[in-house]
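> sequence unknown, structure follows:
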Ligand SMILES: NC(=O)C1=CN([C@@H]2O[C@H](COP(=O)(O)OP(=O)(O)OC[C@H]3O[C@@H](n4cnc5c(N)ncnc54)[C@H](O)[C@@H]3O)[C@@H](O)[C@H]2O)C=CC1
Ligand SMILES: C[N+](C)(C)CC(=O)CC(=O)[O-]
């Protein structure tokens, strides 16, 4: 049978401009994550949450998000939006382009809150609900303008995981779905329209099935929570971040592929262990057992520490995926690469030549994964920072993703890196570039890495790059437009003299015999 493309995907293009102001109604785990996602995309956010400590909680989630973003990307993020807190729904939704409801998972509560939002928000505003499973048709039932309502189901942490299931109800306008997908894209999120509404949508149907089996395994003492988590994180959990279920199983079918996989494991679907559907009774004893095992598993780890470890791990995974598929990016990493490309394009459009007289400048923070057994930044991270700074320069002269796609690029052919000091965990670094020389094919750079606000270099790198025709892999003259941008940067750069250390080769170590006291004594005796 040939499947039809789902309706909402056909209305693919958003007619709306970018979001300027968002209201988040509910600022708990998920509401706080939405706040961070929108704010760090430069959007103003108004929050309403009656919890007495709502502001503290939101700001703590935001602090986590800022740390995670500093590690996630070197791309020029926009200036964060303005965060405000409001005592009423009416005040929060005033002037909002999008309202995201994230109050507790109770139909009656959500309906009341949505009715208040619907009555007070601007006519053009979209209304999304974070519900994990309630049907959008049930939630939109009492609204005066149900056509602008939909479920926007995110994943925790909302500021790092890009997926949002966009689920329309019976009365949602298909254009609303397309608009929601389009409006989320500049925040780095991937809105995925779900063709038909169903309880728990797609993600939570899968997660609930796994969770149900997990609860049985603990209740029946088959394993404890730590063993169960190990089974996931040392095996299929590692696969799922990059290939999901079906692509993974296609490979598991070997050379004969998916048909063979289905032929081999299809019959097993009739065996008892593949159709477990009973729901475990979450009685007091089981709750106590799981809570106690979970406490033991996480002894000494606060919630915020767990969140930080989780965020660091997710950032690492996203960055690995960004470099996958021969640098083209894969899955969520490809999305991140596209997001960063948009940020660079926007920054360049806002300031095509840039006002900065320094040809390239990059800020970086020493992340835990950058530190080695000596307790300082490890070697290859220096090259990463210098390489990223070179990329800043290349983008500035017009060598961006589109330029590379069109067939030419600059390749680094030589680097001389000097380590002059130590960069330690959490330190903010600045890298600045001087263009030493260039001609139609060669570009000679000198980077200096310092602690932010300090002049003394921690490291320097001298690099030679060649302009290359990518098809032949051979050096080729860069076009006039690139060369004249380079000339403009050279003219304006503050330093015109050769920097200390430029052109230096590694001086050979003295031969052991030259240094030996015996040798020196012998030499002395000869004198
Ligand atoms: N926690 C999770 O992993 C995920 C939760 N969700 C969904 O997000 C929604 C919120 O869940 P969580 O953030 O986990 O819950 P939470 O309990 O952390 O936060 C709910 C917040 O809503 C506030 N609230 C209660 N009544 C309110 C009202 N009348 N107006 C404004 N705020 C009000 C509470 O003070 C609280 O801060 C639920 O629909 C849930 O299904 C979606 C994805 C994942
Ligand atoms: C537990 N949960 C059903 C609220 C989970 C979700 O909805 C998504 C997530 O982040 O796992």
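Perfect, I can see it now. This structure is a prediction, so every number in the text was calculated from the model and none was measured. Ligands and ions are numbered 1, 2, ... in the order given.

> what are the buried residues along stretch 273-281?
Going by neighbour count (16 or more other Cβ atoms under 10 Å), the buried part of stretch 273-281 is residue 280. (Each C-beta comes from the backbone N, C-alpha and C, glycine too.)

> over to residue 327: give its phi and psi.
Here is the backbone geometry of residue 327 (degrees, to the nearest 10): phi 90, psi 0.

> same check, this time on the one 3 residues further on
Summarising the backbone geometry of residue 330 under the convention degrees, to the nearest 10, its torsions are phi -140, psi 140.

> pLDDT wise, what is the closest residue to it other than its chain neighbours at?
Of all residues not flanking residue 330 in the chain, residue 324 sits nearest, at 3.8 Å (Cβ to Cβ, 6 or more residues apart in numbering). As summarised for this prediction, residue 324 has a pLDDT of 93.

> can you report how many residues lie near whatever residue of the chain ends up closest to ligand 1?
Per Cβ to the nearest ligand atom, residue 28 is where the chain lies closest to ligand 1, at 1.9 Å. Counted with other Cβ atoms under 10 Å, residues neighbouring residue 28 total 17.

> gap between it and residue 136?
From residue 28 over to residue 136 the distance is 21 Å, taken as Cβ to Cβ, to the nearest Å.

> now do residue 313
32 Å.

> and what of residue 360?
Residue 360 sits 48 Å away from residue 136, going by Cβ to Cβ.

> name the nearest residue to residue 90, ignoring sequence neighbours.
residue 120 (4.3 Å).

> who's in contact with the one you found?
Applying Cβ atoms under 8 Å, 6 or more residues apart in numbering, we find residue 120 in contact with 89-90, 93-94.

> does ligand 2 sit close to stretch 118-133?
Yes - contact of stretch 118-133 with ligand 2 is found when judged by Cβ under 6 Å from any ligand atom, involving residue 132.

> off-centre distance for that stretch?
26 Å (Cα atoms, centre = their mean, to the nearest Å).

> just the buried positions in it, please.
For stretch 118-133, burial by neighbour count (16+ other Cβ under 10 Å) applies to 118, 120-121, 125-132.

> before we move on, the earlier item: who has more neighbours, residue 313 and residue 136?
residue 136 (26 against 14).

> look up the closest residue to that one, ignoring the ones flanking it.
residue 169 (3.3 Å).

> before we move on, what about residue 78?
With Cβ to Cβ, 6+ apart as the criterion, residue 78 has its nearest non-adjacent residue at 3.2 Å, and that residue is residue 42.

> so that neighbour touches residue 76, yeah?
No - in terms of Cβ atoms under 8 Å, residue 42 does not count as a neighbour of residue 76; the distance is 10.9 Å.

> per-residue pLDDT, residue 278?
84.

> residue of the stretch 301-450 of the chain closest to ligand 2, please.
Residue nearest to ligand 2 within the stretch 301-450 of the chain (Cβ to the nearest ligand atom): residue 310, separated by 11.4 Å.

> could you find the closest non-adjacent residue to that residue?
residue 157 (7.2 Å).

> next one: phi and psi at that neighbour?
phi -80, psi 130.

> tell me the contacts of the residue of the chain closest to ligand 1?
49, 51, 57, 102, 104.

> circling back to that earlier point, roughly how far does the residue nearest to residue 90 sit from ligand 2?
Residue 120 is 27 Å from ligand 2, where distance means Cβ to the nearest ligand atom, to the nearest Å.

> what of residue 29?
Applying Cβ to the nearest ligand atom, the value for residue 29 to ligand 2 is 9 Å.

> correct me, but that residue touches residue 156?
Yes - in this structure, residue 29 is within contact of residue 156 by Cβ under 8 Å, at 6.2 Å.

> just the helices in the stretch 101-250 of the chain please.
107-120, 136-139, 174-184, 203-219, 225-231, 237-243, 246-252 (DSSP state H, counting those that start in this stretch).

> helices or strands up against the second one?
Going back to what we said before, that points to helix 136-139. helix 107-120, strand 149-153 (3 or more Cβ pairs under 8 Å, 6 or more residues apart in numbering; DSSP states H and E).

> can you give me the helices in the stretch 351-500 of the chain?
Listed in chain order, the helices of the stretch 351-500 of the chain (DSSP H, counting those that start in this stretch) span 379-396, 401-405, 480-492.

> which residue is the nearest non-sequential neighbour of residue 224?
Nearest non-adjacent residue to residue 224, counting by Cβ to Cβ, 6+ apart: residue 293, 5.1 Å away.

> my bad, residue 427
Looking at residue 427 with Cβ to Cβ, 6+ apart, the closest residue is residue 366, at 4.9 Å.

> name the residues that touch stretch 281-298?
For stretch 281-298, contacts defined as Cβ under 8 Å, 6+ apart pick out 215, 218-219, 224-226, 229, 280, 306.

> if we go to 10 Å?
The contact list for stretch 281-298 (Cβ atoms under 10 Å, 6 or more residues apart in numbering) reads 214-216, 218-219, 221, 223-229, 280, 305-306.

> taking those, please make a ChimeraX selection of just the buried ones.
To isolate the buried members of the contacts of stretch 281-298 in ChimeraX, using 16+ other Cβ under 10 Å:
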select :214,215,218,219,224,225,228,280
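
> and the contacts of stretch 281-298, which is closest to residue 356?
Nearest to residue 356 among those: residue 305, at 37.7 Å, using Cβ to Cβ.

> confirm that that closest one sits in a helix.
Yes - according to DSSP: H, G, I helix; E, B strand; the rest coil, residue 305 belongs to a helix.

> where does it land on pLDDT?
Residue 305 carries a pLDDT score of 91 in this model.

> contacts only, for it.
Residue 305 is in contact with residue 298, counting by Cβ under 10 Å, 6+ apart.

> number the residues from 51 up from this point.
With the count now opening at 51, the last piece we talked about shows up as residue 355.

> in this structure, what residue is nearest ligand 2?
Ligand 2 sits closest to residue 182 of the chain, with a gap of 3.4 Å, by Cβ to the nearest ligand atom.
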